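Participant: give me the fold of what follows.
(chains A and B)
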Amino acid sequence: MHLEKPNFLCLKDKAEIILFTVASASILILFLITVFVFEEGVPAFMNMGLSNFLFGQRWAPYYKSFGAFPLLYGSLMIVFGSLVISVPLGIFTALFLAEYVPRWLGDLLKPIIELLAAIPSIVYGFFGFVFLAPRIMEFFDLSVGKTALTASVILSMMTVPTIVSISSEIISSVPKEYRKASLALGATKWQTLKSVVLPAAKPGIVASILLAFGRAIGETVAVLMVCGCVPEIPSPPWNYFEPVHTLTAAIALEMGEVPWESLHYHALFGLGAILFTITFIVNAVADLIMKKAPKGAVQI
Amino acid sequence: MKAKFVKEKALSFLLAFPAVILLLAFLSIILFIGIKGLPAVNWKMLTTSVQKGGIFESIVGTLYLLAGTLLIATPLGVATAVYLVEYAPKGRVNRIITQALNNLAGVPSIVFGLFGYVFFCRFLGLGISLLSGWLTLTCMVLPIIVRGSQEALRMVPKSFREAAEALGAPKWRVIKDVVLPTATPGLATSTILGVSRVAGETAAILFTCSVFLMKGLPSTPFQPVMVLTYQLYTLLVASPSVSFDRAFAMALVLLGVVVILNIFAYLMRVHYRKKWKW
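Facilitator: Presented below is the predicted three-dimensional model:
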C-alpha cells in the first residue's frame, strides 16, 4: 500500500532540490570572490613580477612604485603585537571563566566579553583615535600618538573575545574524568589545570589564536584610524613607537581615488589577494587543528 | 601543606586579573563614548538633515541597508541551514558546504568590499548603489546567519519530528509546519546577530554603496545611500580637525544600536533555552 501519494514524493524532491541549490550559493560566492579578486590582482603581479610586488620595499603610488612589503610587514607587526597582549589575557580569562567562576557569574561575564566582539570596528577606531592615541603619545612622550603600539592595543581588544569564547568552551569540554583522576592523585587545582586540562585543550586554544590572527589581519577601519598609515618599515624594525601602514588600510584609503584598471587599481587588488590567501591558509590550519580538539567541542 | 593552599588562593585571585582588565577595557569604551556622546545626541541632531549638520539620513540609510540585506540574507541563510541540518546532516555535500561557509566567515570584510565593487558594481553593472551594498553584505553575513540557524534547528527535539512523521507528514511538511515554527525564536536570534554585524560594518560598504553627501534618501535601490559608519569614517579620515560633536553622536548611536541588538538576542536565547527544556 502506498502511504505517500506520488505528488507528495515529487514535492519533497522539489523542496530538496531548491534547498540544495540555495545552499550551494555559499560555494558559488566563495568561488566568485576567489576568481574576481585574483583576476583583478594578477595584472599587478604580471606587470611587476610577483617577487617585486611581494618584497618591494617601497609603496609610493604617486611614483608608481608598488612594493607591498612595508604594508605586509606593518600588518604582521601589529597583529603580532596584538596577539602578545591578547593571547595571555584571553587564555587566563578563559581559564578563569571556565574553572574558577561560579556558573551564574560566568554566564553573566561571557556575553559581556562577546559584546566586545560585536562593537563595530569604526567605534573601536574612533575610541583609539580620540582616547588612546593621545594618551599613548603623552605617556611614552612621543611625537605622534598613532603608532604600531596603539594599533596593537586596539586590535588586541577586538581579538580577545575570539580567544576567550572559543578557549573557554574548549577548556570546559575537557572531560571531567581527567580532572578527577588528577585531583585524586593529590594534585591541587592549579596543578591539574596546568598539567592536565591545558595540555588537553591545547589544540583548541591554538586554533582560537589562529582565528584571532585571521580576524586581526583582516581588520580595516579600526587599524586605519590608529596605525598612522606611513608605509615604511620602522627603524629598528621592532620599534612599536613608530607609525606603520597595513594591507587593509592601504586598500581602504586608496581604493576611492584610484583610476579604474590602472596599475594602482590592480596593485590594490593584489593586496586583497595577499590578504585573502593569508586568511584562507590561517583558517584552514585552524580548522585542521580544531579537528584534533576534544570531542563535543564547539564548532568554529 | 598550608602554604600550598595559600598559593592556590593567591593564584585564583591572580587569574581574576585579566578578566578585570577586559571588563575595564569594555567599560572605558562604553563610558568614554557614552559620556562624550550623550550631550551631542539629542532629538534635533537625530532629525536634522545631514546637509544641515545632523545625522537623520544616515540613520535612515543604515536602516535601508539593514532591511534589504536581511530580506535577502535571511531566506538564503535559513534555507541553507535547513538543507544542512534536515536533508544532508552528514556526508560529502555537507562537508563541502560547511567548509565553504567556514572559509567565507574568515574572509576579511575589506576583501568583501573589493569583491562587491568589482563584481556587483562593475561586472553586473549595478554601480555604487544600495543594491550592490545589500548583495555584498549578504555574502558577508551569510555564514553568521547559517551558523545561528543551524544551532536553532538542531535544538528542535527529535521527538517533534518523529511525532509529525508518524502522522504521515512528508518531510517538507514536517519542516514547514513543525521544525521551522518551533525554531523561529532561534532563527530570529541568529538574524538579529547578523543585523548587528551589518549595522557596524564599514569596510565592506566603503566602495559599494555609500556616499558622504547626497540629496535626501535614495528612492530606488540603484542609488547610493548615506550610512552612519561611512559618515563617521569619512568625518574622521577626511576632516579630523573639525568638532567631534557629530562624530560622538554617530559613534554613540552605532554603539547603542549594536549593544541593544546583542542584549536583545542574548535575552531571547536565554528565555527560550529556559522555556525549552524538554
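
Participant: any buried residues in stretch B:221-232, and which?
Facilitator: Judged by neighbour count using 16 or more other Cβ atoms under 10 Å in any protein chain shown, the buried positions of stretch B:221-232 are B:221, B:223-232. For glycine as for every other residue, the C-beta is placed from the backbone atoms N, C-alpha and C.

Participant: those residues: which ones sit near chain A?
Facilitator: On the criterion Cβ under 8 Å from any Cβ of the partner chain, B:229, B:232 are the entries of the buried residues of stretch B:221-232 that sit beside chain A.

Participant: what residue ranges in chain B score low on pLDDT?
Facilitator: Applying pLDDT under 70 to chain B picks out residues B:1-2, B:240-243, B:275-278.

Participant: now the helices: where do they sit in it?
Facilitator: Under the criterion DSSP state H, chain B contains helices at B:2-37, B:43-47, B:56-82, B:92-106, B:109-115, B:130-154, B:158-166, B:171-174, B:180-199, B:228-238, B:245-275.

Participant: now swap in chain A and tell me
Facilitator: A:6-23, A:25-48, A:50-55, A:69-95, A:103-118, A:121-127, A:133-139, A:148-172, A:176-184, A:189-192, A:198-217, A:221-226, A:247-254, A:263-290.

Participant: for the third one, C-alpha coordinates in PDB please.
Facilitator: What follows is the C-alpha trace of helix A:50-55 in PDB, where atoms were taken according to Å, rounded to 0.1, in the frame of the first residue of the first chain:
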ATOM      1  CA  LEU A  50      55.400  38.500  -8.100                       C
ATOM      2  CA  SER A  51      58.500  38.800  -6.000                       C
ATOM      3  CA  ASN A  52      59.000  42.500  -6.800                       C
ATOM      4  CA  PHE A  53      55.400  43.100  -5.700                       C
ATOM      5  CA  LEU A  54      55.600  41.000  -2.600                       C
ATOM      6  CA  PHE A  55      59.000  42.100  -1.400                       C
END
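
Participant: quick check: mean pLDDT of it?
Facilitator: The average pLDDT for helix A:50-55 rounds to 89.

Participant: which other helices and strands does it contact?
Facilitator: Here helix A:50-55 touches helix A:69-95, helix A:263-290, going by 3 or more Cβ pairs under 8 Å, 6 or more residues apart in numbering or on different chains; DSSP states H and E.

Participant: contacts for that helix?
Facilitator: Here helix A:50-55 makes contact (Cβ atoms under 8 Å, 6 or more residues apart in numbering or on different chains) with A:44-45, A:66-69, A:72, A:267, A:270, A:274.

Participant: pLDDT at the residue of the stretch 51-200 of chain A found nearest chain B, what is it?
Facilitator: Nearest residue of the stretch 51-200 of chain A to chain B: A:Pro120, at 2.6 Å (Cβ to the nearest Cβ). Confidence at A:Pro120, expressed as pLDDT, is 93.

Participant: based on its surroundings, how many neighbours for it?
Facilitator: With neighbours defined by other Cβ atoms under 10 Å in any protein chain shown, the count for A:Pro120 comes to 24.

Participant: surely it is in contact with B:Ala204?
Facilitator: No. The criterion here is Cβ atoms under 8 Å, and A:Pro120 misses it with B:Ala204 at 12.0 Å.

Participant: so stretch A:99-111, near chain B or not?
Facilitator: Yes. On the criterion Cβ under 8 Å from any Cβ, stretch A:99-111 is in touch with chain B at A:100, A:109, A:111.

Participant: ditto for stretch A:267-275
Facilitator: Yes. Against chain B, stretch A:267-275 shows contacts by Cβ under 8 Å from any Cβ at A:268-269, A:272, A:275.

Participant: out of the residues you listed, who's the most crowded?
Facilitator: That'd be A:Gly272 among those, by other Cβ under 10 Å, with 29 neighbours.

Participant: for it, which non-adjacent residue is spatially closest?
Facilitator: Leaving aside its chain neighbours, A:Gly272 sits nearest to B:Leu114 (4.5 Å; criterion: Cβ to Cβ, 6 or more residues apart in numbering or on different chains).

Participant: show the buried residues in the contacts of helix A:50-55.
Facilitator: The neighbour-count test (16+ other Cβ under 10 Å) applied to these identifies A:44-45, A:66-69, A:72, A:267, A:270, A:274 as buried.

Participant: most tightly surrounded among the helices of chain A?
Facilitator: The highest mean neighbour count among those belongs to helix A:221-226 (a mean of 30), with neighbours defined as mean count of other Cβ atoms under 10 Å in any protein chain shown.

Participant: just the CA atoms of that helix, as CSV, please.
Facilitator: Extracted in CSV, the C-alpha atoms of helix A:221-226 (Å, rounded to 0.1, in the frame of the first residue of the first chain):
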residue,chain,number,x,y,z
VAL,A,221,38.9,50.7,9.7
ALA,A,222,39.9,50.4,13.4
VAL,A,223,43.5,49.9,12.4
LEU,A,224,43.4,52.6,9.8
MET,A,225,42.4,55.2,12.4
VAL,A,226,45.3,54.5,14.7
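
Participant: for that helix, name the packing helices and strands.
Facilitator: helix A:121-127, helix A:148-172, helix A:247-254, helix B:228-238.

Participant: can you put the ones you listed in TSV and add distance to A:Leu288?
Facilitator: Formatted as TSV, the helices and strands packed on helix A:221-226 follow (distance: least, Cβ to Cβ, whole Å):
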stretch	distance to A:Leu288
helix A:121-127	28
helix A:148-172	15
helix A:247-254	24
helix B:228-238	34
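
Participant: and B:Lys4, which of these is closest to it?
Facilitator: helix A:148-172 (22.8 Å; Cβ to Cβ).
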